[in-house]
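Student: everything below, folded, please.
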Amino acid sequence: MSAALERAELAAIGRDLAGLIGDGGYRRGRALLGEDQPEPSASFADLGLAPEWLRRSQPELLELAQAAALIAMGPAIAASIDGGWLRELVARGGDVAMDRAIAAAQRVPEGGLPPLPAETVEALGFDLMRAALPPALHRYLGWAPGGSVPVTRELATFCLAEAARA
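Tutor: As a prediction, the model looks like this:
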């Protein structure tokens with residue numbers, strides 16, 4: 001890839017990620033006026049590390065987070081007979097995401113996560129995303145909820161790759 005094409009690709013990634021922050025540049029303007037401290041920006045090297053899925057819109061990232069969280073709990077979902085809990089999970093992530101979670105259950109690293117309440121699905125999904133990203137890119141998910149379930153990078157990477165394949 002030529003240097004010009006590489007710069008153009010990094011600029012496209014930067015534009016997509018700037019859309020996630022969504023303040024229209026007002027944050028930088030406030031900082032220049034001394035009204036706000038700017039968050040550190042990602043470098044070009046950091047942008048090059050951004051996975052494809054991070055460039056999606058906020059609604060698409062929410063859907064991906066839900067699917068990834070279900071995959072992380074896939075072994076627990078596949079073994080569960082708790083109809084109420086399973087219905088709540090389907091209401092959060094949908095039938096297709098549940099089917100993918102069950103299909104991937106035996107391949108989930110570390111045996112997956114224990115059964116967690118359905119209301120934590122979105123936060124867990126975004127925690128998986130943060131665990132898979134370099135720290136400099138976390139700010140692009142600052143709008144998203146976070147939880148308190150520790151997840152490893154290996155689990156996060158697997159779950160997001162499985163969820164993004166659909």
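
Student: burial count for A164?
Tutor: Look at A164: counted by other CB atoms under 10 Å, it has 14 neighbours. Every C-beta, even on glycine, is put in place using the N, C-alpha and C of the backbone.

Student: pLDDT score for the nearest residue to it once chain neighbours are set aside?
Tutor: Spatially, and ignoring its direct neighbours in sequence, A164 is nearest to W53 (4.8 Å; CB to CB, 6 or more residues apart in numbering). pLDDT for W53: 92.

Student: list the contacts of W53.
Tutor: L61, L64, M129, L160, A164 (CB atoms under 8 Å, 6 or more residues apart in numbering).

Student: list buried residues within those residues.
Tutor: Buried by 16 or more other CB atoms under 10 Å: L61, L64, M129, L160, out of those.

Student: just send those back as JSON lines, with distance to G94 and pLDDT too.
Tutor: Below are the buried ones among the contacts of W53 laid out as JSON lines (distance: CB to CB, whole Å; pLDDT from 0 to 100):
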{"residue": "L61", "distance to G94": "15", "pLDDT": "96"}
{"residue": "L64", "distance to G94": "12", "pLDDT": "97"}
{"residue": "M129", "distance to G94": "18", "pLDDT": "96"}
{"residue": "L160", "distance to G94": "17", "pLDDT": "97"}
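
Student: which SSE is the residue nearest the centre of the chain in?
Tutor: The centroid of the chain falls nearest to M129 when counting by CA atoms, centre = their mean (3.1 Å). Assigned by DSSP states H and E, M129 belongs to helix 121-132.

Student: pull that helix out as PDB, backbone CA atoms only.
Tutor: Written as PDB, here are the backbone C-alpha positions of helix 121-132 (Å, rounded to 0.1, in the frame of the first residue of the first chain):
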ATOM      1  CA  VAL A 121     -25.800  -7.700  28.800                       C
ATOM      2  CA  GLU A 122     -25.100  -4.300  27.200                       C
ATOM      3  CA  ALA A 123     -22.500  -3.300  29.800                       C
ATOM      4  CA  LEU A 124     -20.800  -6.700  29.500                       C
ATOM      5  CA  GLY A 125     -20.700  -6.400  25.800                       C
ATOM      6  CA  PHE A 126     -19.000  -3.000  25.900                       C
ATOM      7  CA  ASP A 127     -16.600  -4.200  28.600                       C
ATOM      8  CA  LEU A 128     -15.700  -7.000  26.100                       C
ATOM      9  CA  MET A 129     -15.100  -4.300  23.500                       C
ATOM     10  CA  ARG A 130     -12.900  -2.300  25.800                       C
ATOM     11  CA  ALA A 131     -10.900  -5.300  26.700                       C
ATOM     12  CA  ALA A 132     -10.200  -6.000  23.100                       C
END
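
Student: many thanks, I have nothing further to ask.
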